[in-house]
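# quick one, fold the following:
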Amino acid sequence: VTGATGFIGRHLTDFLLAGGHDVICPVREPERLRHFEPTRIKITTFEKLDYQINRGNQIDYVFHLAGATRSLDYAGYYRANVELTKNLLELVLRKVDRENFKRFVFVSSQAVNGPARDSSSCVTEYDDPNPVSLYGYSKLEAELIVRDYGSYLPYVIVRPSTVFGPGDKDVFGVFKSCKYHIAPCLAGKNRKISVVFVEDLVEGIVSAALSESSLGKTYFITNPEPVIWRDFVQEIAHVMDVRVLIMPVPKFVLRPFGILSDIIGRLSGKPSLFRTEKIDEMDQWYWICSSEQAHRDLGWIPRNTIDEALTKTYRWYINNGWL
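Below you'll find the model as predicted:
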């Protein structure tokens, strides 16, 4: 599992360990995974992954989640999302027993396809990619490389929608805003988004890895019904048992803050979450995609309702001192 120090990667690693699997986690900072029980997990670096495989560790599945969700420029995205994917594929191709290797699972993003045309037309896996961000372009380029290796390695691509759950830092900002009874939202008509709870996403990723039907395919993993963003915020407030004021914010107000964040990011060398690229993504009306193919091929459906998922998430934030 690459990217095990990240939000989704940690949950996936926990899930695999709970299922009795032995897991190798190549990471840049091994000390960030010390909380894992060491009996069935081998923590290494990307540089030493070759050595771990040479020690006789049969690799059956590779779950590739490592990468960058923010960067100062496309070169940064390219290194983290495209070059890393190609290098990992080359390593797997050289080192694994190809006759017994089961699946290379590439966890991509809804950003590859971009937003839907209208509120009633969820994007499907058959629609042409139309990314609206540098991040989306880099994940698309990585997907194309994975497909190029399809003649040599069995693969499946998973595109999660907006993910939330325990440990998430992005949607956490909404919980934090609700705590203070106010939630800024971009002004304009209702924006619809597809969301998925991280526990349900992990089950979808593993289902895609294990299914005979998934070979060489791409799947959106998301709740069947998109949500209106304002309603989603109100649902968070309901779970927290608070009243919240939705404050419409015009895009022209946010743009200067995004530009300022870009400048600060370049000076500090660390890209901010709230940057112009993110504002452009937020400004799309319909970030909605369909999970029908995942349901049809994999039999996957989310176990948790939105209310149950938000409640679990809120309790985790409280118990871990985030709120």
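
# I'd like the distance between the residue nearest to G265 when sequence neighbours are not counted and V82.
Once flanking residues are discounted, G265 sits nearest to P271: 4.5 Å by Cβ to Cβ, 6 or more residues apart in numbering. (Glycine included, C-beta is placed from N, CA and C.) Taking Cβ to Cβ, to the nearest Å as the measure, P271 falls 17 Å from V82.

# which residues of the stretch 201-323 of the chain score low on pLDDT?
Residues of the stretch 201-323 of the chain meeting the criterion pLDDT under 70: none.

# ok, which stretches of it are strands?
Assigned by DSSP state E, counting those that start in this stretch, the stretch 201-323 of the chain shows strands spanning 218-221, 227-228, 245-249, 286-287.

# identify whichever of those strands lies nearest to P302.
Set against P302 and scored by Cβ to Cβ, the strands of the stretch 201-323 of the chain come closest in strand 218-221, at 8.9 Å.

# now for the closest one, which elements pack on it?
The contact analysis (3 or more Cβ pairs under 8 Å, 6 or more residues apart in numbering; DSSP states H and E) places strand 218-221 against strand 155-160, helix 198-210, helix 292-298.

# and the ones you listed, which is most packed in?
Burial of the helices and strands packed on strand 218-221 is given as mean neighbour count (mean count of other Cβ atoms under 10 Å); strand 155-160 ranks first at a mean of 24.

# strand partners of the helix or strand that comes right after that one, parallel vs antiparallel please.
Using DSSP states H and E, the helix or strand that follows strand 155-160 in sequence is strand 162-164. Sheet pairing of strand 162-164 (DSSP bridges) gives strand 195-197 (parallel).

# residues contacting the partner strand, please?
Contact with strand 195-197 is made by 160-165, 204, 221-223, 226-227, 232, 302, 304, 306, 309, 312-313, as judged by Cβ atoms under 8 Å, 6 or more residues apart in numbering.

# tell me the mean pLDDT over it?
Averaged across strand 195-197, pLDDT comes to 98.

# next one: stretch 127-145
Stretch 127-145 comes out at a mean pLDDT of 96.

# just use 49 as the starting number from now, easier for me
Yes, from this point I'll number from 49; that puts the last item at stretch 175-193.

# want to try CSV for the strands of the stretch 249-371 of the chain, with mean neighbour count and distance to Y197 as columns?
Output for those, formatted as CSV (neighbours: other Cβ atoms under 10 Å; distance: least, Cβ to Cβ, whole Å):
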stretch, mean neighbour count, distance to Y197
strand 266-269, 26, 15
strand 275-276, 16, 36
strand 293-297, 12, 44
strand 334-335, 23, 29
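
# can you redo these as TSV with distance to G306?
Converted to TSV, the strands of the stretch 249-371 of the chain look like this (distance: least, Cβ to Cβ, whole Å):
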stretch	distance to G306
strand 266-269	28
strand 275-276	24
strand 293-297	12
strand 334-335	18
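
# nearest to R76, of those?
Minimum separation from R76 across these (Cβ to Cβ) falls at strand 266-269, 25.9 Å.

# where do the helices sit along the stretch 99-248 of the chain?
Using DSSP state H, counting those that start in this stretch, the helices of the stretch 99-248 of the chain run over 122-125, 132-143, 182-196, 220-227, 246-258.

# quick one, which of these is nearest to W335?
Smallest distance to W335 across the helices of the stretch 99-248 of the chain (Cβ to Cβ): 11.1 Å, for helix 182-196.

# buried residues in that closest one, which are they?
Judged by neighbour count (16 or more other Cβ atoms under 10 Å), helix 182-196 contains these buried residues: L182, Y183, G184, Y185, S186, K187, L188, E189, A190, E191, V194.
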